[in-house]
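Participant: Fold the following and give me the result.
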Amino acid sequence: MLRIEGLENAYGDQRVLFGVDFDVGAGEVVTLLGRNGMGKTTTVKSIFGLLPPKAGRVLIDGENVAGRAPFEIARRGLGLVPEGRHVFPTLTVEENLVATRRIPRDGAPRWTLEAVYGLFPRLRERRRNAGSQLSGGEQQMLAIGRALMTNPRLVVLDEATEGLAPLIREEIWACLAAIRNAGEAILVIDKNIEALTRFADRHVVIEKGRVVWSGSSDELRRTPDIKERFLHV
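Facilitator: Numbers count the residues shown, from 1 in each chain. Presented below is the predicted three-dimensional model:
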C-alpha cells in the first residue's frame, strides 16, 4: 500500500536522503533501521509531508502524494506515532483520543474508544487525567491510541519504546503485536533489534541517507555483519 521511490530530502543546503527506496504491503510489518542521524526520522517526515521531499515519489495505493499537505496524506490511511510522543498536554486522555477520531472510507471503524481502552486498560483508568499528568509509558500508549483512532491502514511508529522502563517497553511490544495481529500494516523505527526480529516481516537498513540492505528477519539473523557495520554504535 506504501511505496517510496527515489526519495531525496534536505535541511537547507544539508542533504540528508539520497534516493531512498522501499515498500510496505497491506498487513505487513517493516522496520527502518540505522544509527542515529542516518535519515530515518527524515524519511518519516518526508512521507507525511512534514518535510516536503526535494525529489522522488511517495505512493499510496499507486497514487503519488509527495509534497501534499500532511492532513491530505493522513486521510489516505496513514497514522503517525511521532518521536517524543507529543500528546496534547492540557487535554484529558479521552479528549486526546476523541480529537483524532476518524471514520474510515468503508464506514466501519476498527478502532473505537472502547477498542483502544481494551488494548490499553491503563488509559481507561486515567481517561480523565490531562496528558501532562501521565507517565512516559502512559503518554506513549496515548500516542499510539491517538494514531489508531484515525483508523489508519498503516501505522508509522518512530522510536515507540525510546526511554521507557523495561517492563513498560515489554507492555508496548505486546500491544504492538496485538495491533499487528489485528491486520494493521506497520512501519516502525526502534533500536531494539532483538525485539524487531521477532516482531517484523522485513527490515530496511539506512546508512547516510541511503538504503544499504533489506531482507527478512531470518536473513538479518543470518547476517551478523550487517548489525556490526550499520546498527551498532
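Participant: Tell me the predicted confidence for the nearest residue to Leu33 once chain neighbours are set aside.
Facilitator: Of all residues not flanking Leu33 in the chain, Val205 sits nearest, at 4.8 Å (CB to CB, 6 or more residues apart in numbering). Just so you know, the C-beta spots here come from the backbone N, C-alpha and C atoms, and that holds for glycine as well. Looking at Val205, its pLDDT reads 97.
Participant: doesn't Val205 fall inside a strand?
Facilitator: Yes - per DSSP: H, G, I helix; E, B strand; the rest coil, Val205 lies within a strand segment.
Participant: these two touch, right, it and Glu219?
Facilitator: No - the criterion here is CB atoms under 8 Å, and Val205 misses it with Glu219 at 11.2 Å.
Participant: between the two, which one's more packed in?
Facilitator: Set Val205 next to Glu219 and count neighbours by other CB atoms under 10 Å: Val205 wins out with 23 against 14.
Participant: what's stretch 47-67 in contact with?
Facilitator: 1-11, 17, 19-20, 42, 44-46, 68-70, 72-74, 76-78, 80, 156 (CB atoms under 8 Å, 6 or more residues apart in numbering).
Participant: From the residues you listed, which land in helices?
Facilitator: Residues of the contacts of stretch 47-67 located in helices (DSSP state H): 42, 44-46, 70, 72-74.
Participant: ok, the residue nearest to Leu33 - contacts?
Facilitator: 33-34, 211-214, 226, 230-231.
Participant: same thing but at 6 Å, please
Facilitator: Taking CB atoms under 6 Å, 6 or more residues apart in numbering, we find Val205 in contact with 33-34, 212-213, 230.
Participant: what do you get for Ile172?
Facilitator: Ile172 touches Thr161, counting by CB under 6 Å, 6+ apart.
Participant: Quick check: it is in a helix.
Facilitator: Yes - assigned with three-state DSSP, Ile172 falls within a helix.
Participant: Which parts of the chain are helices?
Facilitator: Using DSSP H, helices in the chain cover 40-47, 70-75, 93-99, 113-119, 121-125, 136-148, 166-181, 193-199, 217-221, 224-226.
Participant: CSV for these, including distance to Ile60 and mean pLDDT?
Facilitator: Converted to CSV, those look like this (distance: least, CB to CB, whole Å; pLDDT from 0 to 100):
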stretch, distance to Ile60, mean pLDDT
helix 40-47, 9, 96
helix 70-75, 7, 93
helix 93-99, 23, 97
helix 113-119, 24, 95
helix 121-125, 29, 96
helix 136-148, 16, 95
helix 166-181, 19, 91
helix 193-199, 23, 91
helix 217-221, 25, 93
helix 224-226, 29, 89
